[in-house]
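> Give me a 3D structure for the following:
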Amino acid sequence: MTEPKSREETKKKHLSITSKSFESIDSKKFHFINELTRSVTAKSTLKETLKNIMHILDSMFKPEVQIIHLLDSSTQKLESYFSDDRKKTEAKKSLLPIDEEAVRNAIESGKAVVMMKNNTRFIDKSKAIHMEGKIPISTLFATLSSKRGPVGVIEFINKAGSGIFTEKDCLLIGSVKDIIAIVIENHLLYEKALELSIIDYVSGRYNMKHFKKLLTIERERADRTLKPFSLVFFDLDFFRKINNTHGHLVGSSVLSRIGALLKKYLRKTDISARFGGDEFVIILPQTNKAKGKYVAERLRKIISNTEFYGKNNLIINITASFGIATYPTHSTDPEVLIDLSDKAMYMAKKDGRNGVKIYPD
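Modelled structure (predicted):
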């Protein structure tokens with residue numbers, strides 16, 4: 001008959017197991033940092049960065065589904081990316097509803113927690129979390145935080161094999177989640193800085209420096225595809241009078257509204273920029289002069305039918321004059337195209353304003 005182990009021996013054995021567990025976590029943490037440093041570069045897009053993070057996490061935790069929820073600090077809105085294919089890890093933007101209550105609770109807790117299937121929150125939400133109707137066995141949430149505040153949440157659903165995430169999984173994700181938060185936040189800050197360097201802050205459209213780079217790229221694409229593109233140049237009629245009557249703050253709000261209209265009514269492939277003052281310029285890819293005139297005429301009507309507001313909410317009616325030049329019909333030189341579309345716009349001015357003119361062939 002073996003004698004029962006003393007309390008001291010039991011304690012030593014427990015400390016030995018705990019020590020080994022932490023050694024294992026430290027080695028996996030080192031592996032994670034090493035893999036992340038190797039795979040994520042400054043030139044990686046957000047999706048590429050998330051894909052690399054998910055790929056490494058998949059090898060460590062083996063979830064059936066993993067979702068990274070990103071929190072916009074200014075709007076507090078969540079944007080979710082998921083991967084449900086362990087053979088080919090991809091960061092796909094989620095168009096399905098998410099369990100927002102659970103995600104926001106995780107953000108508030110700031111911890112890594114495991115929730116089991118007996119939590120009814122997940123039973124009714126199974127379709128919303130990319131499980132194709134299956135009831136999750138266990139779900140692990142880990143908050144991503146930096147010194148600036150919460151960045152988002154990692155969500156793992158069902159561990160491959162057992163299906164159950166353990167306390168050790170919580171400790172392991174807890175050891176790397178802050179590193180993930182820093183990588184993601186740095187990427188988002190870089191994207192924001194890049195955006196500010198190429199966007200006109202008044203109109204929300206591209207500035208001219210970046211627009212000219214995009215115009216050169218579009219010319220090269222047109223040469224490859226042998227497809228034309230049109231340049232639309234327009235400015236607002238009597239805009240100086242608006243500034244003089246209502247002030248520059250109202251003038252800036254008008255320019256901001258014009259930028260919003262361009263964003264709303266142009267195609268995603270179209271490129272618009274503020275040329276300067278109240279002048280704007282647009283690239284219409286794969287568009288000949290006739291179609292270019294149709295687009296310009298549509299924008300002209302939209303602007304003239306939009307109500308703008310001045311002092312004391314006084315309604316201001318605004319019109320615009322448009323000019324069009326097409327590549328390669330009018331020129332193969334981007335700078336010349338800008339000049340010709342500008343001249344066509346002045347032809348519309350001389351013709352009574354609030355009109356559209358194509359530069360003569």
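> Output the below-cut-off pLDDT ranges for the stretch 1-150 of the chain.
1-23, 41-43, 86-87, 95-97, 117-135 (pLDDT under 70).
> tell me the strands in it, going along the chain?
63-71, 78-83, 92-93, 112-116, 138-146, 149-159 (DSSP state E, counting those that start in this stretch).
> residues contacting the closest residue to Glu79 other than its chain neighbours?
Closest residue to Glu79 apart from its sequence neighbours, by Cβ to Cβ, 6 or more residues apart in numbering: Leu70 at 4.8 Å. Where you see a C-beta, it was placed from the backbone N, CA and C, and this is true even at glycine. Each residue near Leu70 by Cβ atoms under 8 Å, 6 or more residues apart in numbering is listed here: Leu78, Glu79, Ser80, Tyr81, Val151, Gly152, Ile184, Leu188.
> Give me the distance from whichever strand or helix holds Ile217 to the chain's centre.
Here Ile217 sits within helix 208-225, counting by DSSP states H and E. On the basis of Cα atoms, centre = their mean, to the nearest Å, helix 208-225 sits 23 Å off its chain's mean C-alpha point.
> just checking, what packs against it?
helix 167-198, strand 229-236, strand 271-276, strand 279-284, helix 334-350 (3 or more Cβ pairs under 8 Å, 6 or more residues apart in numbering; DSSP states H and E).
> Out of these, which one sits most buried?
strand 229-236 (a mean of 26; mean count of other Cβ atoms under 10 Å).
> Sheet-wise, list the partners of it with their directions.
Sheet pairing here is set by DSSP bridges, and for strand 229-236 it gives strand 279-284 (antiparallel), strand 320-327 (antiparallel).
> from the chain's centre, how far out does the longest one sit?
It refers to strand 320-327. 31 Å.
> again with stretch 74-90
On Cα atoms, centre = their mean, the centre of stretch 74-90 falls 12 Å from the chain's centre.
> on that earlier part again, worst mean pLDDT among the helices and strands packed on helix 208-225?
Of all the helices and strands packed on helix 208-225, the minimum mean pLDDT falls on helix 167-198 (a mean of 87).
> mind checking how far Val250 is from Glu297?
Noted for Val250: a distance of 27 Å to Glu297, by Cβ to Cβ, to the nearest Å.
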